[in-house]
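1. just the structure for this:
(one chain, ligands or ions: 2)
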Amino acid sequence: MPSRIRSQSPPDPFTIASQPPPDETPEEKAIREGMSFFSKEQEALRISNAIDESLKAERAAEKRKKVTRLLLLGQSESGKSTTLRQFQLHYTPNAFRTERLLWRSIVQLNVVRSILTVLDTLSEAQSESLQAIQSSNVENSDAASDDPLFFSDDFEILKSRLDPLRRVEEILIAKLGDEEAPVGGGSNGGGGAGNNIAYSPGGGIPRPGLQQKKRKQEVTVRSTAMEKLRVKLLGGPGGARPQSEGEGADWDEPTEVIYHCREEMMALWEDPTVREVLRRRRVRVEEGPGFFLDELERVTSAGYVPSDDDILRARLKTVGVTEYRFDMEASAGRESGSEWRIYDVGGSRSQEDHSVNRLEDSVLLWKSICSNKLLANCDILASKLEAGIRLSKYVRSFGERSNDVETASAYFKSKFQAIEREYSPNLRRFYGYATSVTDRETTGGILHSGK
Ligand SMILES: Nc1nc2c(ncn2[C@@H]2O[C@H](COP(=O)(O)OP(=O)(O)OP(=O)(O)O)[C@@H](O)[C@H]2O)c(=O)[nH]1
Ligand SMILES: [Mg+2]
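-> Ligands and ions are numbered 1, 2, ... in the order given. Got it, this is the predicted structure:
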């Protein structure tokens, strides 16, 4: 969760220095309060010296305090922010868990956008199929390669009952964005520097084709906006009020609308015709980040509070560079009390150039990092290989090697290490891990391995 967890500030040196000695007797107090001008001057000097001493001690303590800096780099969707959340979960678990309510809005936005993508795809398929029937031009319809699909009137009812979700999408984007963000204005910020959200849905009647095109763009929210939401929902900065699990049941408009639309959402997602439309049009919402449609019953329930795993799986694109400071909680063991500063850098290359695939993109990025670490998406790689995808088709240098996870992981590890050796100006220690950063146990083990 993009929040900065700050240490509690100690009392300032002036307050410490001007306090009476703890063992002051009533006589001493009377003397102190009734001091002459001369003795007041002496007292001021004493306070000033005490302040200097206290500042010196503070600076020495700061110097002694272990600060570890970590820079998270990788292409967009490579799991940098998720790695950051793993750090928070493992090292500042209490702070991490007070922020569940914030994550509910993000999970809701993920759910709503997936449903709207399905609805838009359906509308497109329906209108194409209608046009094809009208012009008897079956070549343009889904019927061209498969059996024709028939949409009953029930779909229209389902679609109109789910229409309020378009408004919920706007509300959630406005909530997660900044006041200045042009929500509802039909603009497409494209991640411009001044905007906290890179896409805001147009107002008025949605035009399915256009809407779908825009929805393909991700919502990006600046950390400043998240900080504001955090203050709004959880109290002052750094002062998150303790939140019990049940408190996540807070009732707001998106939660209410989503709750009332849950049966229809489940009906839509479970419908075989809808699945067939998605298959034929190659819309694979289940492969995208922030996919929760298989858990609609749970995540749309009235008292829904995101679990640790939900928070790790939710998707919110990062914009810019954000510094997060953590004072390790007591539960962090030997690291407790030490300060970590993690820099999360929003990735963008894959958005800029769609001809560069993610693996190639990661290698390119790694090269540039070494000239001055990457976490491979191991479970995603595994599922793609299991689905029969030949790695050598996308990474030619993989050649005729065996197309399994172990071989692929070992190949990437050695490739990244070789690049590091070649491009790194100084000899650095290299630790290569293949992990799924949404997996708490595996990633926790790596974090705790101390390397
Ligand atoms: N299955 C799986 N999903 C992952 C993994 N790493 C990240 N994800 C998911 O992929 C999505 C993107 O991850 P992020 O951590 O937001 O990616 P990022 O690198 O911060 O991306 P930018 O902010 O765009 O730079 C999230 O929904 C994560 O839950 C992984 O190892 N396995
Ligand atoms: Mg990110």
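2. from now on I want contacts and neighbour counts done on CA atoms only, so please keep to that.
-> Noted.
3. what parts of the protein come near ligand 2?
-> If contact is defined as Cα under 5 Å from the ion, the residues of the chain in contact with ligand 2 are 81, 317-318.
4. strands along this protein, start to end?
-> 67-72, 321-327, 339-345, 376-377, 434-435 (DSSP state E).
5. check the ones you listed for me: which has the lowest mean pLDDT.
-> Within those, the least confident segment by mean pLDDT turns out to be strand 376-377, at a mean of 45.
6. can you count the residues close to R284?
-> Neighbours of R284 under the rule other Cα atoms under 10 Å: 12.
7. which stretches of the stretch 251-400 of the chain form helices?
-> 253-260, 262-270, 272-280, 296-299, 308-313, 349-352, 358-371, 378-386, 391-394 (DSSP state H, counting those that start in this stretch).
8. for the fifth one, packing partners?
-> Just to be clear, that refers to helix 308-313. In terms of contacts (3 or more Cα pairs under 8 Å, 6 or more residues apart in numbering; DSSP states H and E), helix 308-313 is packed against helix 80-91, helix 100-135.
9. using TSV, lay out those helices together with distance to L70.
-> Formatted as TSV, the entries for those read as follows, by distance: least, Cα to Cα, whole Å:
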stretch	distance to L70
helix 80-91	10
helix 100-135	24
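10. looking at these, which one is packed in the most?
-> With neighbours defined as mean count of other Cα atoms under 10 Å, the helices and strands packed on helix 308-313 peak in mean count at helix 80-91, which reaches a mean of 23.
11. what angle sits between that helix and strand 67-72?
-> With axes from the mean of the first three to the mean of the last three Cα atoms, to 10 degrees as the basis, helix 80-91 and strand 67-72 are set at 150 degrees to each other.
12. what's the angle from helix 80-91 to strand 321-327?
-> Using the same axes, to 10 degrees, one finds that helix 80-91 and strand 321-327 are set 10 degrees apart in direction.
13. which helices and strands sit right next to helix 80-91?
-> Applying 3+ Cα pairs under 8 Å, 6+ apart, one finds that helix 80-91 contacts helix 93-98, helix 308-313, strand 339-345, helix 440-448.
14. out of those, which gets the lowest mean score?
-> Here these differ in mean pLDDT, and the lowest is helix 440-448 at a mean of 69.
15. burial measure for R396, as a count.
-> Here the count is done by other Cα under 10 Å, and R396 has 9 residues near it.
16. just say which of the helices of the stretch 251-400 of the chain is most tucked in.
-> helix 308-313 (a mean of 20).
17. before we move on, the earlier item: who wins for proximity to Q86 among the helices of the stretch 251-400 of the chain?
-> Nearest to Q86, of all these, is helix 308-313, at 7.5 Å by Cα to Cα.
18. any chance of CSV for the helices of the stretch 251-400 of the chain, columns distance to ligand 1?
-> Putting those into CSV (distance: least, Cα to the nearest ligand atom, whole Å) gives the following:
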stretch, distance to ligand 1
helix 253-260, 20
helix 262-270, 20
helix 272-280, 21
helix 296-299, 15
helix 308-313, 3
helix 349-352, 9
helix 358-371, 11
helix 378-386, 5
helix 391-394, 18
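19. out of those helices, nearest to E58?
-> Sorting the helices of the stretch 251-400 of the chain by Cα to Cα, the top spot, which is the nearest, belongs to helix 358-371 at 35.8 Å.
20. for the stretch 1-150 of the chain, give me the ranges with low pLDDT.
-> Counting by pLDDT under 70, the stretch 1-150 of the chain contains low-confidence residues at 1-18, 31-38, 63, 136-147.
21. ugh, wrong one, the stretch 351-451 of the chain
-> Screening the stretch 351-451 of the chain residue by residue with the criterion pLDDT under 70, one finds the ranges 351-379, 437, 442-443, 445-451.
22. A434: which of the helices and strands packed on helix 308-313 is closest?
-> helix 80-91 (12.9 Å).
23. is the closest one anywhere near ligand 1?
-> Yes - under the criterion of Cα under 6 Å from any ligand atom, helix 80-91 makes contact with ligand 1 via 80-82.
24. for V112, give me its contacts.
-> Taking Cα atoms under 8 Å, 6 or more residues apart in numbering as the contact definition, V112 lies against 165-166, 168-169.
25. what is the nearest of these to ligand 2?
-> Here the nearest of the contacts of V112 to ligand 2, counting by Cα to the ion, is E169; it sits at 20.4 Å.
26. could you double-check that that closest one sits in contact with V111?
-> No - using Cα atoms under 8 Å, E169 and V111 do not qualify as a contacting pair, with a distance of 9.6 Å.
27. OK, contacts around the single nearest residue of the stretch 51-200 of the chain relative to ligand 2?
-> Taking Cα to the ion as the measure, the point where the stretch 51-200 of the chain comes nearest ligand 2 is S81, at 4.2 Å. S81 makes contact with 318, 344, according to Cα under 8 Å, 6+ apart.
28. thanks a lot, catch you later.
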